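Undergrad: For reference, the sequence and a predicted model appear below.
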Amino acid sequence: MEKKKISPRIESQSQDFLSKNFNTLNAGAEYVLDGFPMLYNRALHEMRGHFSDGELSFLVEAFKETKLSPQLAGQQFKIFCDDAMTFRKLDDKWKIKSDVFLNKIEDLTSFQMACLEIWAKKFWFAKWKKGDKSLREYVKLLT
């Protein structure tokens with residue numbers, strides 16, 4: 001398969017990691033960038049059926065206004081969920097039991113939480129936002 005040439009910028013800690021763990025910086029970057037989609041899809045597959053439609057709808061709305069940060073990937077997940085419940089009452093809107101939901105996210109790894117952050121944000125900037133699919137159809141992918 002033909003490789004597309006891109007020019008991502010990375011932080012020094014990423015450069016150090018890639019340089020230490022691969023033959024070259026470029027080889028490491030290619031491995032990480034080409035491997036991530038498979039790992040992301042596998043993480044979502046592992047979580048399939050873990051959350052209800054309402055809980056997934058809650059996540060999509062909770063992450064609507066958030067900005068994803070690679071430095072905080074998976075670490076801000078619980079905070080955003082808690083804020084959405086405490087200040088925006090999205091748990092009431094989506095009729096979810098906050099204690100049950102919070103227990104479910106305790107079972108997730110940081111990587112799974114990071115993938116759920118990306119999945120939740122994707123609704124707002126991908127084809128779904130353009131009206132091709134409804135929120136109900138979107139969350140069905142993970143139930």
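TA: Received it, and whenever you're ready, just let me know what you need.
Undergrad: Which residue ranges make up each domain of the protein?
TA: 12-47, 53-140 (automatic domain parsing).
Undergrad: tell me how far the ends of the last one are from each other?
TA: Meaning domain 53-140. Length of domain 53-140, first residue to last, C-alpha to C-alpha, to the nearest Å: 7 Å.
Undergrad: How far off centre is it?
TA: Per C-alpha atoms, centre = their mean, to the nearest Å, the displacement of domain 53-140 from the mean C-alpha position of its chain is 8 Å.
Undergrad: average model confidence for it?
TA: Domain 53-140 shows a mean pLDDT of 89.
Undergrad: what's the neighbour count on residue 10?
TA: Residue 10 has 15 neighbours, counted by other C-beta atoms under 10 Å. C-betas here are computed from N, CA, C, even on glycine.
Undergrad: quick one: it and residue 32 touch, right?
TA: No. Counting by C-beta atoms under 8 Å, no contact exists between residue 10 and residue 32, whose distance comes to 9.5 Å.
Undergrad: so what sits against both of those two?
TA: Common neighbours of residue 10 and residue 32, using C-beta atoms under 8 Å, 6 or more residues apart in numbering, are residue 18.
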